[in-house]
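Q: here are the coordinates; sequence isn't available:
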C-alpha cells in the first residue's frame, strides 16, 4: 500500500486524508500540536520533520495561522526546504495560493501569467514554490477555499455584514474544499508525475462579487447588500483577475462544483 504524509491536517488536510484513504492509500496526517490520530510536527523545525515516517508522497498544506511575513518564512519557505530535504524521492505537492497573481484589471491569468504579488507574504510564497519546483515537486495554486461550515461571503451575507465594493465587478476566485482535495489526489496520481510544474486550482466558472451576491439574494429571498468602498486590507490583497483552471482540467480533473453558486445549497 502506498503511503502519503499530509502536513497540515486542518480544514483542507483532513479532507485530503479522507480522499487518499478512499483511494486505497495509507494516509498519515500531521499537525503542529498532533493528537486525534495526528502526528505532531512543526514543519519549520528540521528535527521535527526528520521524525516523520517515510512516504511515497507528501502534501504540504500547513497554514500560517493568519501570521505575517515571519510566519510565511517559517511555515512555507523553511517548511518546504525541510520537506524537500526529508523526502527527496517522494512526490511532493505544495498548496500555494492564487494570491501570487497581482493582476488588477480583470484579466484571465494562467500558469504562464506573471506572478508579481505586491505583498511580502506573496513573494515568500513564490520563494517556497521555487524550492518545490526545483526539487521536482508540484505547486497547486489554490483560490480562496470555501466549503462545509466555511464561507466568508455567505456568512457576511446572512449576517448583514456584506458590502458590494464599488460596482461589484471584482472577480471572486474560489475553490470548494472537496474539489481542492480531489485536485491534490489527482496531481499525485498523474503518470508521469508532473514534477516542476504549477497548476491553478479554482472553480471553473469565476463570478464577480455582484454575481455572487445576486445569486445569494435570489436563493435566500433577501435584498442585495449595500454598496461601499473597496476593502484594501483583505489578507489576500486587493486584486481583480479571473484565475483559469484549464491546465488542470486538461490533465483529467474536473470539479464537482463548477461555480460557487452551484455549491451554496450544500454548504
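A: Great, that's in hand. Note that the structure is a prediction, hence the values are computed from the model and not measured. Residues are numbered from 1 along each chain as shown.

Q: wait, is residue 122 part of a strand?
A: No. In this structure, residue 122 is helix, not part of a strand, as judged by DSSP: H, G, I helix; E, B strand; the rest coil.

Q: what's the closest non-adjacent residue to the most centrally placed residue in the chain?
A: The chain has residue 142 as the residue nearest its centroid, 3.1 Å off, counting by Cα atoms, centre = their mean. In this structure, residue 142 finds its nearest non-sequential neighbour in residue 201, 4.8 Å apart by Cβ to Cβ, 6 or more residues apart in numbering. For glycine as for every other residue, the C-beta is placed from the backbone atoms N, C-alpha and C.

Q: cool, and residue 122?
A: residue 100 (5.0 Å).

Q: and what of residue 227?
A: residue 164 is the one closest to residue 227 (Cβ to Cβ, 6+ apart), at 4.8 Å.

Q: contacting residues for the residue nearest to the centre of the chain?
A: Taking Cβ atoms under 8 Å, 6 or more residues apart in numbering, we find residue 142 in contact with 95-98, 175, 180, 201-202.

Q: how about 6 Å then?
A: Contact analysis of residue 142 by Cβ atoms under 6 Å, 6 or more residues apart in numbering lists 95, 97, 175, 180, 201.

Q: circling back to that earlier point, count the neighbours of the residue nearest to residue 142 for me.
A: 28 (other Cβ atoms under 10 Å).

Q: pretty sure it is touching residue 140, no?
A: Yes. Residue 201 sits in contact with residue 140 when judged by Cβ atoms under 6 Å, with a separation of 5.0 Å.

Q: please enumerate the helices of this structure.
A: 11-22, 46-50, 69-72, 79-86, 120-134, 152-159, 177-189, 209-220, 246-250, 260-263 (DSSP state H).

Q: got the contact list for the nearest residue to residue 95 once chain neighbours are set aside?
A: Nearest residue to residue 95 in three dimensions, chain neighbours excluded: residue 61, at 4.4 Å (Cβ to Cβ, 6+ apart). For residue 61, the contact set (Cβ under 6 Å, 6+ apart) comprises 8, 12-13, 95.

Q: try it again with 10 Å
A: 6-16, 93-96, 140, 142, 180-181, 184 (Cβ atoms under 10 Å, 6 or more residues apart in numbering).

Q: for residue 231, same thing?
A: Residue 231 touches 163, 165, 170, 238, counting by Cβ under 10 Å, 6+ apart.

Q: give me the neighbour count for the closest residue to the second one other than its chain neighbours.
A: In space, not counting the residues next to it along the chain, residue 165 is nearest to residue 230; the distance is 4.9 Å by Cβ to Cβ, 6+ apart. Residue 230 has 12 neighbouring residues, counting by other Cβ under 10 Å.

Q: touching, residue 98 and residue 143? I think so.
A: Yes. Between residue 98 and residue 143 there is a contact under Cβ atoms under 10 Å: 4.8 Å.

Q: any residues in contact with both of those two?
A: Any residue near both residue 98 and residue 143 by Cβ under 10 Å, 6+ apart counts here, and that gives 173-175, 200-202, 236, 243, 245.

Q: tell me which of those residues has the lowest pLDDT.
A: Across the shared contacts of residue 98 and residue 143, the bottom pLDDT score, 55, is held by residue 236.

Q: max pairwise distance over the shared contacts of residue 98 and residue 143: which two?
A: Using Cβ to Cβ, the pair of those lying farthest apart is 236 and 245, separated by 17.4 Å.

Q: more neighbours: these two, which one.
A: The neighbour comparison of residue 236 against residue 245 (other Cβ under 10 Å) goes to residue 245, with 27 against 16.
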